[in-house]
Structures are given as C-alpha cells and as structure tokens.
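sequence and predicted model, in that order:
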Amino acid sequence: WGRDTPNTKVKIITSWGSKTSTVSDLEGFWSTSIKTKQASFQPQSIRIEGSNTKKLKNILIGEVWFCSGQSNMEMPLKGLGKSKVLNAKEYLKSAKNKNIRLFNNARTAAVFPCFDVNGEWVESNASSAEKFSAIGYMFGTKLYETLNVPIGIIESAWGGTRIESWIPKETLLKYKGIKFISSLPKEQNKQKKPSFLYNAMIHPFQNFSIKGVLWYQGESNRSQPEPYYGYMKDLIGSWRSQWQNKNLPFYFVQIAPYNYTKYRKSPGIKANKIREAQLKIAQEIKNTEMVVTTDAGDCDDIHPSRKEIIAKRLASIALSQQYGFKSLVYRSPEFKTISIRNNQAVLNFKFHKNDFFVGNENVKGFVIASSDRKFYEAKVRYGKDKKSLLLYSDKVKKPVAVRYGYEDCFENNLKTNSGLPISVFRTDNW
C-alpha cells in the first residue's frame, strides 16, 4: 500500500514471481494484496512502479509479531534508568543475526489517524538489539531458535501510558468522563491523550500482516481500575477489526508485583483489581492468553529485571497455539471453586494439561475470613490429588472467603510442576 498522484497505475513486481497492479484513488492512496512464498532465508526484493519507481531490497519472508504497551514492554535490553534486564549481556553477545529483523516505531502521537509509520526495519545486531524491547527481542529469539524461519518483531510502545490512549476515538465515545482534545500538546509527555497513540502508533500498521500481538500495560490505569475490563475488551476488538482478523492472537502480561503503597501512595488493592480484570479477559475472550507474573516482579522496582521468563512464557503460548507445539504447558492454573468443610476452605483449580502443585514449603499469600470480613493468614495443605488446596486458621471458624496475593506487594512461593505461578484472586467481592 502507499500513496501516489491520483489516478495513477501502480505495478508491483516481486523477485519470487508474484505480480499485481492497481490504480491510486482520487486522494492518491492505493492498496492491493500480493501472494508471498513460504518463509525463507533467501533475501527478496519488491519493485513498485508508479509515477516513479521504488525498489525494496533485502526483504525476508517469515513470522511477524507486534509488541505494544507501556514501559515494561518498551524497556530495552540495555535497561531503563537504574533498572536492568537480567541476562541481557548473553543476548547481546549473540545479537548479530540478519534473520531476525527489528522495527522500533518511535513515540508518536496524533489527533487523527495517521498513514505513515515512524521507524524502519533493521537487522538484529548488538546496537539495534540493545535499544529494542527486551521482551520483544527475547520472544523473537526463542521463536527463531525453535521455528528456524526469519522473525520480525515490531515494537510500538510508550512508557507511562494509559490504555485509553491506545484505543480508537469512536470506540471510546460510549464511555463517560473521557476528555478528548482537538490539538496536539507541544510537550511530548503531555501527548499521551485518549486515542492519540492509537492514531499514530497502531493505525498506520493496519495493512501490514502480523501473526499476533503481545501487550504489556496496566500500571498507569491502577488509580481507576473499574473500567479497565471494558477498555481492554474494546482495545482487543478494535485492533482485531483494524487488522481484519476477528481471531487475531492477543497474548498479554499481567502487571507484575510492586509495592504501590510504599512508592506510589496507591492502595495495593487497586493494582489487584487491574490483575482481576486482566484474568477475566483471558478467561472470556477467545484467542487471548495471559502470562502470570507473581514470581517475576520486584517489590522495589516497577520495572522488574526478569523479562526473560516473561518472554519465554509468551513464546510458549505462541509456539503451542500458533505453531503446533502442543506438548508445551503454557497456561497457569486458575482458581475454579471453593467449598467449606469442617472449618476449612477447600479450593479447586483448573490445570492446563497434566500440571499439578509441587513442594512442601509453607505456602504464603493466602488469607481467610468468616462473615465478619476480617482476614487472617491461612495455613495451607495440599490435597491428595495435588490439584486442590485446603486452607484453615485457628482464628477463623466457619470461613466464607479466601484471598490470594492481596497484599501491597506479593511474591509467590506456591510451586507447580510446570513452573507456572497462579494469579492473585479472591472469592469475595467485598
């Protein structure tokens, strides 16, 4: 797709033998589709003939994934400020790879949907990789090593952004309390307004075929968590509509543990409500999956260093769901039901494939309450099937509710055979 003078015939000739032609419209825009060959390490070229001629060289055909969100997605391999990325040096040592391509779309905002992107494809090397999304790069590396085909990763992320800035205006109009502005602030940090980042950083990619989306965002919405489920559902729907693929894979990361009360003067329960909304999205919307991070956070750093474990979990989801590696266990166990038996709360979980709980250490993070709504730390025993947990406290007779991980900053020590942690959750709605 592109732009030329109006009513101009545009011919496209490829090195792999496919050809097509079209005519630009009254505003000069044109678009068409062309068949590509199977993924290949053989560099290709495309010749575009219109009012002038352009030739695109060194093109690889392979798998392309789109990464977006706020700072934990944007955080590059070289780190962000004082926050470092664990094992980054190992990745940078082997970063020179002409078969991994990176597209780092610069921070851009716009009042109206844009036509042009703000970046370019580059080959992976130490210089390009260190400035690229750590999660995106590590994910791409894992795919490349497993699939042995060219991999392209697009990063279009911006730190400190609310989800509303990534959603089209027409989709947000139904929400009350959103203030739309009609001009772009000069100061870049004030440009992160509702729809403005969608317009400049998402919409321009609508004609570019992608395999799926990786998303890591939510921290900036914790002050008002209630509408987040609706926002995220609408973001996924609007992006799928843009790419004309109602089943576009959308894999995302649950926000990681961090002490918001200590460092941001924000009650921890608000961040947990964002996590609740994210879990609900994964459970209810087709072809979405969520990476749980209760074992990969940092109570003292909102930009935790353990990006590799998140990237590998995202890769396991993609490899299993999109590339046929069905034996991979990629989904965390989920709380299913609670029942009360002899002053104990019995929790049953839904496990992926043949996963189960392991370990004998004192499990932390569970609290239990009776109808007085006062929570006390719960002792935990494993069920005989290793797929259920029994909770009790000497201070709680007739328990009615359980919470897991509802602390200012929670660090998981409940182990599973797969190594995947469970999400924070609660059985009450108090």
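That came in fine, so what should we check first? Residues are numbered from 1 along each chain as shown.

drop to CA atoms for contacts and neighbour counts, all remaining ones
Will do.

hmm, Trp166 is touching Pro194, no?
Yes: contact criterion CA atoms under 8 Å: Trp166 and Pro194 qualify, at 7.1 Å.

so which of the two has more stuff around it?
More neighbours surround Trp166 than the other of Trp166 and Pro194, with 29 against 23 (other CA atoms under 10 Å).

per-residue confidence for that one?
In this model, Trp166 is scored at 98, pLDDT.

neighbours around the closest residue to it other than its chain neighbours, how many?
Excluding the flanking residues, the one nearest Trp166 by CA to CA, 6 or more residues apart in numbering is Tyr198, at 4.3 Å. By other CA under 10 Å, 29 other residues sit near Tyr198.

mind listing what Tyr198 touches?
109, 113, 165-168 (CA atoms under 8 Å, 6 or more residues apart in numbering).

helix or strand: which one has Asn362?
Under DSSP states H and E, no helix or strand contains Asn362.

now swap in the one 5 residues further on and tell me
Secondary structure assigned from DSSP H and E places Val367 in strand 366-369.

redo the contacts of Tyr198 as CSV? Include distance to Ser238.
Below are those laid out as CSV (distance: CA to CA, whole Å):
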residue, distance to Ser238
Ala109, 18
Pro113, 13
Ser165, 13
Trp166, 10
Ile167, 7
Pro168, 7
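
tell me the buried residues within those.
With neighbours counted by 16 or more other CA atoms under 10 Å, these contain buried members at 109, 113, 165-168.

nearest to Trp121 among the residues you listed?
Each of the buried ones among the contacts of Tyr198 was scored against Trp121 by CA to CA, and Ala109 proved nearest at 20.4 Å.

just checking, which helix or strand of this protein averages the lowest pLDDT?
Across the helices and strands of the chain, mean confidence by mean pLDDT, DSSP states H and E is lowest for helix 260-264: a mean of 92.

so what's the residue count around the residue nearest to Val346 when sequence neighbours are not counted?
Spatial nearest neighbour of Val346, chain neighbours left out: Leu390 (4.7 Å); criterion: CA to CA, 6+ apart. When neighbours are defined as other CA under 10 Å, Leu390 has 19 of them.

contacting residues around Leu390?
With CA under 8 Å, 6+ apart, Leu390 has these contacts: 344-347, 380-383.

just those residues: which are in strands?
If you go by DSSP state E, the contacts of Leu390 have 344-347, 380-382 in strands.

adding distance to Leu172 and pLDDT, write the residues you listed out as TSV.
TSV is the format used below for these (distance: CA to CA, whole Å; pLDDT from 0 to 100):
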residue	distance to Leu172	pLDDT
Gln344	45	96
Ala345	41	98
Val346	41	98
Leu347	38	98
Val380	44	96
Arg381	46	95
Tyr382	45	95
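
ok, of these, which come out buried?
Here, 16+ other CA under 10 Å leaves 344-347, 380-382 buried among the ones in strands among the contacts of Leu390.

out of those residues, who's nearest Arg3?
Leu347 (59.0 Å).

okay, and the beta partners of the closest one?
Listed by DSSP bridges, the beta-bridge partners for Leu347 are Ile338, Leu389.

surely Asn118 touches Ala110?
No: contact criterion CA under 8 Å: Asn118 and Ala110 do not qualify, at 12.0 Å.

so which of these two has more stuff around it?
Ala110 (20 against 14).

spit out the contact partners of the more buried one.
184, 196-197, 199-200.

assign it to helix, strand or coil.
Following DSSP: H, G, I helix; E, B strand; the rest coil, the label given to Ala110 is coil.

the residue nearest to it when sequence neighbours are not counted: how many residues sit nearby?
With sequence-adjacent residues excluded and distances taken as CA to CA, 6+ apart, Ala110 is closest to Phe196, at 4.9 Å. Per other CA under 10 Å, the neighbour tally for Phe196 reads 27.

show the pLDDT at Phe196.
The model's pLDDT for Phe196 equals 98.
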